[in-house]
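Engineer: Structural data only, the sequence is not supplied:
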DNA sequence: CTGTTAGCGCCTTCAC
DNA sequence: GTGAAGGCGCTAACAG
């Protein structure tokens, strides 16, 4: 029924071994023979059997990319960049690698499940993106999985995620970025800043919040717990949190959000409360996603080089670029000052 | 080295076949035996070999999702919904299916490559999302691939893409949506409307534009070719196109964009030109992505039920929902009137 | 309900 | 540079 390598061999009048060799291209084959084989492949419309190939070779052409939320451009941009470096010639058999993105939805269980699935598929490499959940049991479980993958020859790269043993890590300097941002606000004269943090148990949340607090502390501003609210990384959370912050302290002059999406929700809440941005309240985000510049007023935020970092992670995963010394590199953000922040009122 | 099914069998003192049966769960096994096997699996930390399994069974647990641009929430939202119906129990061996999203970047070649890769992996199902390229050769090539996949037992579902033989299709009524939108504008009194279309060769572009023209024709408004500009589906294209439209005809009172992202660019261009929205010029988008409501003013647009359609496509791909009669279903959009459109000036 | 027996299609030494 | 042979780990009939 389906065409196999043996069929191709028969048509090209060579042995199956030879066909395999021209397909994989990693073995000397006479030009004329190769020609004949390729023609047979074409005529028969032959498609390699991936599973059979992976079974025999004990490795596959699959490269997994794990993301927390595929509907969030933060991850989409990174995934796209990673993938652009992974697709294209370079794999076994025919040259292409199958870069596949897996959406964990931020769930630790799904993350582990996908890691197992990828392990099961004998993936060539795996890239884990975005912040991690800090629960000790989960961290241990992931480290365990990563070690198994590494032992099995799967290269594991972390992109925008804190370091972990047995994996190469490109971490974002969320703490430094958070600090810069808050210092910018403090520099403008703000003293009563609300902070909308992400979900409690995530590293990204913690690091950005710590940066914010570092800045407050450095300037002798009391860190009133009333001025921090936690929520999801989405617009609605930003909206709700802003109303809550305003309720707790109507004298706030600035709101720092966990990311740009949350900041957008904050802006909406402020507008709906009759407050002007930045005249009454300044707003800042994080990430500098494409829409940040289109907000009205444009969002002050910290730009993270998502594309660049993703591309680099992809190259490292493919073994096309040297891992950073020590296996860890820190990627810094850049403060983008725009119209949403200004001097405080009064 | 690595633990195999035979090792598990030995430890549980049963035959490999029995282990396979409890793992796949599709065959009666005594509870006590199952218990013993599961314990052995756990103790040995056994992970099924996907390729071997797929080879023997002639099908894999992989489900492919093709998207044009993973960094675009339009696709991210659909992919997320599709995947939510695909992951989870139901697959062979251990219950999980590996839903993988492949980013074609809108390139016909990459689309075909991914289809081949998925065919090579003996994917259980494939979902193609978003508009298609209309080039005849490419259409034929895709149809050919789809037929091959279908013949090999891979279920193929199209989501937000025009029908094709051998595949089940959930199409978006882009034409109807486009018509509704333009009629809304005409109803407000607009007569000089600019239109920013997407890339020329895409079905989505063509259908939305046709809907727009249908509306103009239905109201006896001349369709001046000067008032239509093509560009990519991104913000910058919207920005540039708007300046161009304004240059060609400064008397425009409304701009209809191919999608929300483009509309955002249009808004920016208008603002930068000193024009107020909607007082001077009305703006409309398409899709109703999450950020549309956060634009200032909020964007009038056509909501496409991306999540619902994606979820349905996912269920159909998994065989958990009946395909629509005739294999084709049309999904309609809903006009969302917001602040970005109003009566024309003067 | 469980064991036995053949492959699934390919890669990879090993010879020539 | 090319062929022959064995086996990768699992599943799917068949028996029993």
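Structural biologist: Okay, I see it. A quick note: this is a predicted structure, and the numbers were derived from the prediction, not measured.
Engineer: shaky segments in the stretch 51-200 of chain A?
Structural biologist: A:88-95 (pLDDT under 70).
Engineer: check contacts around the residue of it found nearest chain B.
Structural biologist: Closest contact between the stretch 51-200 of chain A and chain B, by Cβ to the nearest Cβ, is at residue A:100 (3.1 Å). Every residue, glycine included, has its C-beta placed from N, CA and C. Neighbour list for residue A:100: A:62, A:63, A:64, A:65, B:64, B:98, B:100, B:101, B:102 [criterion: Cβ atoms under 8 Å, 6 or more residues apart in numbering or on different chains].
Engineer: Quick check: the gap between the fifth one and residue B:32.
Structural biologist: Here the distance between residue B:64 and residue B:32 works out to 39 Å (Cβ to Cβ, to the nearest Å).
Engineer: And the two? Which one has more around it.
Structural biologist: residue B:64 (27 against 8; other Cβ atoms under 10 Å in any protein chain shown).
Engineer: quick one: the more buried one is in a strand?
Structural biologist: Yes: under DSSP: H, G, I helix; E, B strand; the rest coil, residue B:64 sits within a strand.
Engineer: so it makes contact with residue B:127?
Structural biologist: Yes: counting by Cβ atoms under 8 Å, residue B:127 is a contact partner of residue B:64 at 7.1 Å.
Engineer: ok, the most centrally placed residue in chain A - contacts?
Structural biologist: Residue closest to the average C-alpha location in chain A (Cα atoms, centre = their mean): residue A:129, at 3.3 Å. Counting by Cβ under 8 Å, 6+ apart, residue A:129 touches A:65-68, A:75, A:78-79, A:82, A:158-161, A:310, A:313.
Engineer: For chain A, list the residues in contact with DNA strand C, please.
Structural biologist: Applying Cβ under 7 Å from any atom of the strand, we find that chain A lies next to DNA strand C at A:2, A:4-6, A:16-17, A:20-21, A:23-24, A:48-49, A:52-53, A:55-57, A:92-93.
Engineer: Show me just the buried residues among those.
Structural biologist: Those of the residues of chain A next to DNA strand C that meet the buried threshold are A:4-5, A:20-21, A:23-24, A:48-49, A:52-53, A:55, A:92-93, by 16 or more other Cβ atoms under 10 Å in any protein chain shown.
Engineer: closest to residue A:242 among those residues?
Structural biologist: The closest of those to residue A:242 turns out to be residue A:92 (Cβ to Cβ; 52.0 Å).
Engineer: For the closest residue to chain B within the stretch 201-346 of chain A, which non-adjacent residue is spatially closest?
Structural biologist: Nearest to chain B in the stretch 201-346 of chain A, going by Cβ to the nearest Cβ, is residue A:296, at a distance of 4.0 Å. Computed as Cβ to Cβ, 6 or more residues apart in numbering or on different chains, the closest residue to residue A:296 that is not its neighbour in sequence is residue B:296, at 4.0 Å.
Engineer: do you know how far that neighbour is from residue B:316?
Structural biologist: 39 Å.
Engineer: repeat for residue A:62
Structural biologist: Residue A:62 sits 25 Å away from residue B:316, going by Cβ to Cβ.
Engineer: What strand or helix carries residue A:210?
Structural biologist: helix A:203-218 (DSSP states H and E).
Engineer: Near DNA strand D, list only the ones from the buried ones among the residues of chain A next to DNA strand C.
Structural biologist: Within these, those near DNA strand D by Cβ under 7 Å from any atom of the strand are A:21, A:55.
Engineer: Put together JSON lines for the buried ones among the residues of chain A next to DNA strand C, with distance to residue A:222 and secondary structure on each row.
Structural biologist: Shown next, in JSON lines, are these (distance: Cβ to Cβ, whole Å; DSSP: H, G, I helix; E, B strand; the rest coil):
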{"residue": "A:4", "distance to residue A:222": "73", "secondary structure": "coil"}
{"residue": "A:5", "distance to residue A:222": "72", "secondary structure": "helix"}
{"residue": "A:20", "distance to residue A:222": "70", "secondary structure": "helix"}
{"residue": "A:21", "distance to residue A:222": "71", "secondary structure": "helix"}
{"residue": "A:23", "distance to residue A:222": "68", "secondary structure": "helix"}
{"residue": "A:24", "distance to residue A:222": "65", "secondary structure": "helix"}
{"residue": "A:48", "distance to residue A:222": "65", "secondary structure": "coil"}
{"residue": "A:49", "distance to residue A:222": "66", "secondary structure": "coil"}
{"residue": "A:52", "distance to residue A:222": "66", "secondary structure": "helix"}
{"residue": "A:53", "distance to residue A:222": "63", "secondary structure": "helix"}
{"residue": "A:55", "distance to residue A:222": "63", "secondary structure": "helix"}
{"residue": "A:92", "distance to residue A:222": "60", "secondary structure": "coil"}
{"residue": "A:93", "distance to residue A:222": "63", "secondary structure": "coil"}
